[in-house]
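**Q** give the three-dimensional model of this entry:
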Amino acid sequence: MAMSDIFISYARSTEAEAERITQALRTLGYDVWRDDDIPAHRRFGQVLEERLAAAKAVLVLWSSDATNSDWVLSEASRAREMAKLVQLTLDRSALPMPFDQIQCVDLSGWTGQDNAASWRKVVSSLAELVGAPTRRPARPVESEPGRAGESSIAVMPLANLSGDADQDYFADGMVVEITNALSRFKSLFVIASGSTLSLKGAAVSPVAAAKLLGVRYVLEGSVRRAASRVRISVQLIDGRDGAQKWSQQFEDTLEDIFALQDKVALAVAGAVGSVVGHAEVRRASERPTDNPTSHDLYLRALAKPIVTSAEELRASLDLLEQAIALDPNHGPALSRAAMAYRNRYQFGWSSDPDADRLRAIDLAQRALAMARDDADVLANAASVLSRAGGDPGASIELLDRAVGLNPGSAWAWFVSGRLRVNLGDAARGGDHIENSMRLDPLSPLRPSQLQNLGLARFALGRFDEALALVQQASQLRPQAWDAQFLMAACLGQLGQGAAAGEAFARGRDLNPKVGIDDHAGQILRDGSQRRIYLDGVALAEGALSPDDRNRVQQTKAGDA
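**A** Below is the predicted model of the structure:
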């Protein structure tokens, strides 16, 4: 194995900071290795050991999450034993023993300045171990710009100046709403709010954010909510040099919150120089509800996930039901509630699955009746109806309409891609998922995006590519049992039966009840592709129970 200069160890929650440090070191000419470079068909634990041994220096990025990561602690210990440890802190968290006895550079708040004293100290320490760079210095690496080039933008987290931390949800909700409004202007390429909100609390400069997200402009600012009034202050920053191109302050009452969002979105679009047609202005200005309390409850619900646990889902659903009670025609709230009910019965968190399934269908249909021009509502409804026994063709039509209305909706592209892969159109489905990933490069949705793109590659017979993608998804979401099953199918098809058995066993430990035949039928409706999946799983050595094997054989026979 070729020796690399520097191995970087970090917690997944600090991926943005790790990427910034990686690019800065590569700009200096160093050969840097991170775990996102793990090749297909390799077991990542084995690869990490080899790369640790091969590196000349190991740079550990300490953070509160890193101090609790078994992987980071193990890698730091190996580096210390091999006398090639360099360490820095991203948030000044207390270091675990014995690393608290070793010099650690404070890099908290660093946003890429190559002349910063703390950064020079890191580079100096690395140079003592590595020496001169092994290749010529590279030009600074920037993300690929958005399709719209000069008209690409990201709405960064807005600072909450209300003096009340409980109002963070409102500031985050404004980011979501302004992003959605801007996304409806087809002349703009807009990064999804999930990616920008993932940078909340990180000391990322506008220039660094623009490079990381691949856009020309970033919008930053603040929200101040007091009594019944809201004030939004925003600045448009050129991502190339950090120059402020435009700034403005907007103020209105909570009763006119949608008008306020529209003012911000239209002003930003004009500042970027977009040409906005009358139809797009009308669509961007449509209000989902006239009830400000219902909308406030909806924003509170958006701040709570509906896929991580039964408790979080229940809390979100309580808020959504209150929003719907106040305004039964609130389309976004209806569609979000439909998703919550669908997830509750699908994930096994329901005491009455059939009642929840019927409730999800009813809410999805009501949402469609109220908001057929809202791309995310259409995508939510299509996702619910396609999995609740509805007509897949009708769901595809809804999704085509969604991406037509709002080509900037990462969620609509993802749902469209996932359903197309499910129905057998893996090539087109994969393209749609990649569109979603480009629009939302730092999304909390990333594990699902990677896993479903891996499924698309698997369905096309590209097993090595599929394995690499699913391994990345599994690292981001270790508790995903379905990722382990897909990994087993990939490894089986690649002739690695022992590794396939280990992956399948991990999946079975995480979900001992699911039937592998039922699961295969849920993710791949095409019979020939389902057989390929089950053939791969069947090669998992020593993992399948006799019942599993019998059900796999019966399903394959039925598909033949």
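
**Q** in contact with Asn380, which residues?
**A** Shown in contact with Asn380 (Cβ atoms under 8 Å, 6 or more residues apart in numbering): 335-336, 338-339, 364, 367, 415. Just so you know, the C-beta spots here come from the backbone N, C-alpha and C atoms, and that holds for glycine as well.

**Q** and of those residues, the nearest to Thr27?
**A** Closest to Thr27 out of those is Val415 (37.7 Å), distances taken as Cβ to Cβ.

**Q** shouldn't the closest one be in contact with Val384?
**A** No - Val415 lies out of contact with Val384 (Cβ atoms under 8 Å); the separation is 9.9 Å.

**Q** state the distance from the residue nearest the centre of the chain to Trp413.
**A** Most central in the chain under Cα atoms, centre = their mean is Ser443, positioned 2.3 Å from the mean C-alpha point. Noted for Ser443: a distance of 11 Å to Trp413, by Cβ to Cβ, to the nearest Å.

**Q** repeat that for Pro546.
**A** 42 Å.

**Q** ok, those two, which is more surrounded?
**A** Comparing Pro546 with Trp413 by other Cβ atoms under 10 Å, the one with more neighbours is Trp413, at 29 against 7.

**Q** before we move on, what SS does the more buried one have?
**A** When classified by DSSP: H, G, I helix; E, B strand; the rest coil, Trp413 comes out as helix.

**Q** quick one, what contacts it?
**A** With contacts defined as Cβ under 8 Å, 6+ apart, Trp413 is in contact with 403, 432-433, 435-436, 439.

**Q** what's the answer for Glu312, then?
**A** 304-306.

**Q** Gln522 versus Asn422, what's the distance?
**A** Relative to Gln522, and taking Cβ to Cβ, Asn422 is found at 8 Å.

**Q** name the residues of the one helix or strand Glu17 maps to that come out as buried.
**A** Here Glu17 is covered by helix 15-28, with elements defined by DSSP states H and E. Neighbour counts over helix 15-28 (16 or more other Cβ atoms under 10 Å) mark 15-26, 28 as buried.

**Q** let's have these in a markdown table, adding distance to Val204.
**A** What follows is those, written out as a markdown table (distance: Cβ to Cβ, whole Å):
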| residue | distance to Val204 |
| --- | --- |
| Glu15 | 12 |
| Ala16 | 7 |
| Glu17 | 8 |
| Ala18 | 13 |
| Glu19 | 11 |
| Arg20 | 8 |
| Ile21 | 12 |
| Thr22 | 15 |
| Gln23 | 13 |
| Ala24 | 13 |
| Leu25 | 18 |
| Arg26 | 18 |
| Leu28 | 20 |
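
**Q** not counting its neighbours along the chain, what's nearest Val537?
**A** Leaving aside its chain neighbours, Val537 sits nearest to Ala489 (4.9 Å; criterion: Cβ to Cβ, 6 or more residues apart in numbering).

**Q** wait, that neighbour touches Gly536, no?
**A** Yes - with contacts counted by Cβ under 8 Å, Ala489 reaches Gly536, the gap being 3.4 Å.

**Q** of these two, who's got more company?
**A** Ala489 (30 against 25).

**Q** quick one, what contacts that one?
**A** Here Ala489 is in contact with 458, 500, 532-534, 536-537 (Cβ under 8 Å, 6+ apart).

**Q** same deal with Phe99?
**A** Counting by Cβ under 8 Å, 6+ apart, Phe99 has contacts 60, 62, 76, 80, 87.

**Q** neighbour-wise, give me the winner out of those residues.
**A** In terms of neighbour count, Trp62 stands highest of the contacts of Phe99 at 29 neighbours, by other Cβ under 10 Å.

**Q** isn't that one up against Thr89?
**A** Yes - applying Cβ under 8 Å, one finds Trp62 in contact with Thr89, separated by 4.6 Å.

**Q** anything in contact with each of these two?
**A** 95, 104.

**Q** quick one on the thing from earlier: can you add pLDDT and give the contacts of Trp413 back as JSON lines?
**A** Converted to JSON lines, the contacts of Trp413 look like this (pLDDT from 0 to 100):
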{"residue": "Val403", "pLDDT": "85"}
{"residue": "His432", "pLDDT": "92"}
{"residue": "Ile433", "pLDDT": "92"}
{"residue": "Asn435", "pLDDT": "85"}
{"residue": "Ser436", "pLDDT": "87"}
{"residue": "Leu439", "pLDDT": "80"}
